[in-house]
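Participant: need coordinates for the below:
(chains A and B)
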There are 2 protein chains.
Amino acid sequence: MPVLVMKFGGTSVATLDRIRRVAKRVGVEVAKGYDVIVIVSAMSGETNKLVGFVNETSPLFDAREYDAVVSSGENVTAGLMALTLQEMDVPARSWQGWQVPVRTTSAHSAARIEEIPTENINAKFAEGMRVAVVAGFQGLSHEGRITTLGRGGSDTTAVAFAAAFGAERCDIYTDVDGVYTTDPRVSPKARKLEKIAFEEMLELASLGAKVLQTRSVELAMRYNVKLRVLSSFGEQSDDAGTLVCDEEEIMENRPVSGIAFSRDEAKMTLVSVADRPGIAAAIFGPLSDAGVNVDMIIQNIAEEGRTDMTFSCPTDQVLRAEKALTEAKTRGEINFNELIADKDTAKISAVGIGMRSQSGVAAKMFKTLSNEGINIKVIATSEIKISVLIDRKYMELAVQALHDAFELEKA
Amino acid sequence: MPVLVMKFGGTSVATLDRIRRVAKRVGVEVAKGYDVIVIVSAMSGETNKLVGFVNETSPLFDAREYDAVVSSGENVTAGLMALTLQEMDVPARSWQGWQVPVRTTSAHSAARIEEIPTENINAKFAEGMRVAVVAGFQGLSHEGRITTLGRGGSDTTAVAFAAAFGAERCDIYTDVDGVYTTDPRVSPKARKLEKIAFEEMLELASLGAKVLQTRSVELAMRYNVKLRVLSSFGEQSDDAGTLVCDEEEIMENRPVSGIAFSRDEAKMTLVSVADRPGIAAAIFGPLSDAGVNVDMIIQNIAEEGRTDMTFSCPTDQVLRAEKALTEAKTRGEINFNELIADKDTAKISAVGIGMRSQSGVAAKMFKTLSNEGINIKVIATSEIKISVLIDRKYMELAVQALHDAFELEKA
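Facilitator: Alright, predicted model coming up:
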């Protein structure tokens, strides 16, 4: 029987009633003849509660213990979902990550899936089981310890299962009914997109649009997994939501498809770094080892053998970054006068595959921000996006102004 | 280094502050030179919450999914305890049941431990780790699924680890400071015992005194594990709490050591059962298969080939028992006119190894209850205990009257 992967996020399984509601949706697909793999997140709020416990217990925690604690929320939902399906007479059982096993790297809290053996689950499908409920976001390291894939990792779990099982489609059910030109909570003019290219989705995901985890989109693109984002609360139909697909399938050709933003972006500056070949590696190696997700990097022109190095990273990793850099300085690997952390910044990005063929997008973006009196602190560009760091207090204003400027409310 | 097992119940780890407090106690034993195995329960209330979820989702649940859901509470505490110890510079890590692995039978929700391999944990002790924090109450079945040992199973986990690792002692930290002549919440005259015989503890545990799980005492007796019950909140000293030990070590020789009770005991009667050889097996076989814990059994004298069969079981297993018996009737294995479930009963027991050598205990017990106008519904006796089922509303009265009658307040 064809396999369908359905992934439900935390708000979709926040209560037993909601679990019943989504179980009914699963039942509809089973009735159509699919063997279904359901990937579940923790009930809304649970993961945050557990992360809070860990942070309060140990600010610079052992990530192996963090993973052991934080992964428990998904296990609860998986069992409850299996029980709910059984109550509806749908043969189902739950799998925790280590039971499949979802084999991952040992990079705790940010592990990558290496392999998903299909034998165990396929054997149960062959015996008549119709739904395998899998706890998302978690896996098993080579050392036999529990790993997690990082926040939002359940999307990646879903796409990886879809790839491993050759699923017909991977449906990501969430609390929004698709991908929008920007977050409707920030701009009421935001419009839902019917389709979006993998590449665009990739930029939107990594830039904080939060609809899908970056790696899930990368995986879907690499293994050509048909990926659909839709609401668990809306109507169930075959053309609901937004389809994430190949560029060729997109008809529109506008320069910008969406405005993304990230509220929790810090700007860090190493002042007067002793410049020498290999200095970048000496700075960003320790940051990488400490698990800091560095995004933008800017190096000012060196003067008299010294330079300023600026980078951005999530606000909650600033402590970790400071510790890593201070230790590298103590070890004599790098030398700087001062480390300045500006935590009051936000990142705004314009994204669109049309940018490749249309010029003037950057100029229009800078002019729009300038007209609103918004100062740009850092600029970074790629083939299909332009990102800027600005004061956080201007974030909403900037998003709305850019949404208007690129006329994204028009279909 | 000598190994000590320390087990902390749900109220002892109910908050992060309490986890820190008990971690300090663990630290004291580490400082004395012990390698410590800490067995933890779920944070107080967590397991009940999860059990509530399962019951609401599926009243006659698949016990395999129940176990998968309910075991998650212990995993959270284990990780947090390991992190807390690490923050105190005590080398520690957590183990979930399947990681040790704690091998159990496949009797889900009531599994028995079959084997605890010591290699993994001993290898870490050899590397310098000082505390292994193990999630209690859970294990791994032959089929690779998570099992639980039943409520209170963490005590059994603790004793089994103490036996497997040849621990010097197994300290069960709980919210009471030892074993009492009865529950102090019911009788303010209740007195703490310094020592109690394994056999007595066994009866008290199985009769609902709730200080220790029955099987943990059985295990301790079989493997001669020195078992101590003490409070996580009191002073830490080597002679605190109550020592559960061999009969020979007990100096007192009173007929009754304690009055136990169980509030949630149902009396079930099969009216007019067709009597024939093997009828008891035909009734109690299906109940056992359905996981009903039958306690007392009484068969009335048969008349004209028919008899009444009465038994008691926990109130929350009544539905299960009714289903099992009705199905057995449908299959033609047994025949009865009516099945009456009396859920408003409680069990009261007088327990004491002195009973073996002193007569008149039963007579005194019945007279005391009679003086209070309490009707006895069922009587069952063993070598060292006398149990009766009575109306639940008289439970507290009966306990207090018996405590007085046997002068248990006197040391």
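Participant: OK, contacts around A:A350?
Facilitator: With contact taken as C-beta atoms under 8 Å, 6 or more residues apart in numbering or on different chains, A:A350 is in contact with A:V256, A:G258, A:I259, A:V361, A:M365, A:K385, A:I386, A:L402, A:F406. The C-beta positions use only the backbone N, C-alpha and C, and glycine is treated the same way.
Participant: the first one in helix, strand or coil?
Facilitator: This points to A:V256. Three-state call for A:V256 (DSSP: H, G, I helix; E, B strand; the rest coil): coil.
Participant: that one against A:V361, yeah?
Facilitator: Yes: in this structure A:V256 lies within contact range of A:V361 using C-beta atoms under 8 Å: 6.4 Å.
Participant: name the residue in the two with the higher neighbour count.
Facilitator: Set A:V256 next to A:V361 and count neighbours by other C-beta atoms under 10 Å in any protein chain shown: A:V256 wins out with 27 against 19.
Participant: OK, contacts around that one?
Facilitator: Contact analysis of A:V256 by C-beta under 8 Å, 6+ apart lists A:A350, A:V351, A:G352, A:G354, A:M355, A:V361, A:L402, A:F406, A:L408.
Participant: name the residues contacting each of A:V256 and A:V361.
Facilitator: With contacts taken as C-beta under 8 Å, 6+ apart, A:V256 and A:V361 have A:A350, A:G352, A:M355 as neighbours in common.
Participant: now the element after whichever helix or strand the first one is part of, going C-ward?
Facilitator: Spelled out, that is A:A350. A:A350 belongs to strand A:338-351 when elements are defined using DSSP states H and E. Under the assignment DSSP H and E, the closest C-terminal helix or strand after strand A:338-351 is helix A:361-371.
Participant: give me the buried positions along that next one.
Facilitator: Within helix A:361-371, the residues that qualify as buried are A:V361, A:K364, A:M365, A:T368, A:L369, counting by 16 or more other C-beta atoms under 10 Å in any protein chain shown.
Participant: same question for stretch A:107-125.
Facilitator: Of the residues in stretch A:107-125, those buried by neighbour count under the rule 16+ other C-beta under 10 Å are A:H108, A:S109, A:A110, A:A111, A:R112, A:I113, A:I116, A:T118, A:I121, A:K124, A:F125.
Participant: please verify my assumption that the last one contacts A:Y34.
Facilitator: No: under the contact definition of C-beta under 8 Å, A:F125 does not touch A:Y34, with a separation of 10.6 Å.
Participant: quick check: neighbours shared by these two?
Facilitator: Here A:F125 and A:Y34 have A:M1 as joint contacts, going by C-beta under 8 Å, 6+ apart.
Participant: partners of the residue nearest to A:G97 when sequence neighbours are not counted in the sheet?
Facilitator: By the measure of C-beta to C-beta, 6 or more residues apart in numbering or on different chains, the closest residue to A:G97 outside its immediate chain neighbours is A:Q138, 3.7 Å from it. In this structure, A:Q138 has beta-bridge partners A:T148, where bridges are defined by DSSP bridges.
Participant: pLDDT weak spots in the stretch 251-400 of chain A?
Facilitator: For the stretch 251-400 of chain A, applying pLDDT under 70 flags the ranges A:251-252, A:302.
Participant: please enumerate the helices of it.
Facilitator: Using DSSP state H, counting those that start in this stretch, the helices of the stretch 251-400 of chain A run over A:279-289, A:318-330, A:361-371, A:395-405.
Participant: point out the most buried one among those.
Facilitator: helix A:395-405 (a mean of 20; mean count of other C-beta atoms under 10 Å in any protein chain shown).
Participant: what angle do that helix and helix A:361-371 make?
Facilitator: Comparing the axes of helix A:395-405 and helix A:361-371 via axes from the mean of the first three to the mean of the last three C-alpha atoms, to 10 degrees yields an angle of 130 degrees.
Participant: and A:C313, how close does it get to A:S216?
Facilitator: Using C-beta to C-beta, to the nearest Å, one gets 21 Å for the distance from A:C313 to A:S216.
Participant: now do A:S154
Facilitator: 9 Å.
Participant: same check, this time on A:M201
Facilitator: 9 Å.
Participant: just give me the residue closest to the centre of chain A.
Facilitator: Computing the C-alpha centroid of chain A and ranking residues by C-alpha atoms, centre = their mean puts A:Q213 first, at 2.3 Å.
Participant: follow-up on the earlier one: closest one of the buried residues of helix A:361-371 to chain B?
Facilitator: Of all the buried residues of helix A:361-371, the one sitting nearest chain B is A:L369; the distance, using C-beta to the nearest C-beta, is 43.7 Å.
Participant: thought that closest one was touching A:I386?
Facilitator: No: if you go by C-beta under 8 Å, A:L369 and A:I386 don't touch, sitting 10.8 Å apart.
Participant: in the stretch 101-250 of chain A, what residue is nearest chain B?
Facilitator: A:G144 (6.3 Å).
Participant: ok, for that residue, nearest residue in space, not its chain neighbours?
Facilitator: Of all residues beyond its chain neighbours, the one nearest A:G144 is B:Q99 (6.3 Å), with distances taken as C-beta to C-beta, 6+ apart.
Participant: same question for A:D289.
Facilitator: Computed as C-beta to C-beta, 6+ apart, the closest residue to A:D289 that is not its neighbour in sequence is A:A324, at 7.0 Å.
Participant: from A:F406, how far off is that neighbour?
Facilitator: In this structure, A:A324 lies at 38 Å from A:F406, with C-beta to C-beta as the measure.
Participant: burial count for A:T148?
Facilitator: With neighbours defined by other C-beta under 10 Å, the count for A:T148 comes to 27.
Participant: for it, which residues are in contact?
Facilitator: Counting by C-beta under 8 Å, 6+ apart, A:T148 touches A:Y66, A:D67, A:V70, A:S71, A:H108, A:S109, A:A110, A:A111, A:F137, A:Q138, A:G139.
Participant: pick the one among the residues you listed closest to B:G291.
Facilitator: Among the contacts of A:T148, A:S71 lies closest to B:G291 (C-beta to C-beta), at 28.7 Å.
Participant: quick one: the closest residue to the closest one other than its chain neighbours and A:A111, what's the gap?
Facilitator: Of all residues beyond its chain neighbours, the one nearest A:S71 is A:Q138 (4.2 Å), with distances taken as C-beta to C-beta, 6+ apart. Remark: distance between A:Q138 and A:A111 (C-beta to C-beta) = 9 Å.
Participant: anything in contact with each of these two?
Facilitator: Counting by C-beta under 8 Å, 6+ apart, the shared contacts of A:Q138 and A:A111 are A:D67, A:T147, A:T148, A:L149.
Participant: checking the first one next. Helix, strand or coil?
Facilitator: Pointing back at A:D67 there. Put simply, A:D67 is helix when judged by three-state DSSP.
Participant: quick one: pLDDT of the residue lying closest to it once chain neighbours are set aside?
Facilitator: The spatial neighbour of A:D67 that comes closest, neighbours along the chain excluded (C-beta to C-beta, 6+ apart), is A:T148 at 4.6 Å. At A:T148, the model reports a pLDDT of 96.
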